[in-house]
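>>> I would like to see how this sequence folds:
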Amino acid sequence: MFRSRIETYSEGVFVAVYDKKIIGVVAFQLIDYDVENPPPTWNAATDNGLIKKTHTPKGETVFGIDLTAVPGAPKGTGNRLLVEVGRQAIMKNLKRGVLGGRLPEYYKYSDKMSPEEYLQAKDDTGRFLDPEVRFYRRAGLEIGKVLPEYMHDDPDSLNYGVQLIWNNPFYAKRRIWRPFKVLVGRMLFPIYFRSIGEG
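Below is the predicted model:
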């Protein structure tokens, strides 16, 4: 599966290395994405993780496939990998970044609230209940639609997924503005993503 992703779109794979060991990886593809009519499942969105049939070289959306950091990885590893995805979106003038996230702790609350309520629920300190949603919200992604049966065999999430969306603030639709917007994005990139990279 990993090899298929590299063969199909090598620019869509980044690894984090610490002490000469791989401690994290992020993988994404480019697709044409309809926010109002998203793929119904992760398998459909990613060609079962292979991306050979779903990657679209001229797609305007970065679609996240996988983001993983090994246990014990230095703090901020996942954030830094996510920053690199954002960098690619800005440099390539892509419209948005999207992923279908899990709800890994929903099973604890499913008898008390709906998935929609759970995604907005916060604890006594004001943090989102779900750790994955909390991570992506802190990184600037917005919560979209709840996706029933999006995940296959994910009892913790009760097979629910959630659409998480980041709109590229430097995206230029008109060709005449693209070089300028990309240049501005490159200049402001360190500032814009500083809070993510240091998280």
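>>> now do the strands in this structure.
13-18, 21-31, 61-69, 96-102, 142-147, 161-167 (DSSP state E).
>>> out of the ones you listed, nearest to Phe128?
Phe128 sits nearest to strand 142-147 of all the strands of the chain, at 9.1 Å, using C-beta to C-beta. Where C-beta positions appear, they are placed from N, C-alpha and C, glycine not excepted.
>>> quick one: contacts of the closest one?
Strand 142-147 has contacts (C-beta atoms under 8 Å, 6 or more residues apart in numbering) with 35, 38, 40-41, 98, 100, 115-116, 119-120, 133, 137, 160-167.
>>> run the chain-centre distance for that strand.
From the chain centre to the centre of strand 142-147 is a distance of 12 Å (C-alpha atoms, centre = their mean, to the nearest Å).
>>> tell me the strands beside that strand, with direction?
The strands that strand 142-147 pairs with in its sheet are strand 161-167 (antiparallel) (by DSSP bridges).
>>> relative to strand 96-102, how tilted is the strand it pairs with?
Between the axes of strand 161-167 and strand 96-102, defined by axes from the mean of the first three to the mean of the last three C-alpha atoms, to 10 degrees, the angle is 160 degrees.
>>> buried ones in strand 161-167?
By 16 or more other C-beta atoms under 10 Å, the buried positions in strand 161-167 come out as Gly161, Val162, Gln163, Leu164, Ile165, Trp166.
>>> now it: average pLDDT?
Per-residue pLDDT over strand 161-167 has a mean of 96.
>>> now swap in stretch 27-45 and tell me
Rounded mean pLDDT across stretch 27-45 is 96.
>>> now do the buried residues in it.
Neighbour counts over stretch 27-45 (16+ other C-beta under 10 Å) mark Ala27, Phe28, Gln29, Leu30, Ile31, Tyr33, Pro38, Pro39, Thr41, Trp42, Ala45 as buried.
>>> next one: Phe2 from Lys58, what distance?
Applying C-beta to C-beta, to the nearest Å, the value for Phe2 to Lys58 is 24 Å.
>>> those two: who's more crowded?
Ranked by neighbour count (other C-beta atoms under 10 Å), Phe2 and Lys58 place Phe2 first, with 12 against 6.
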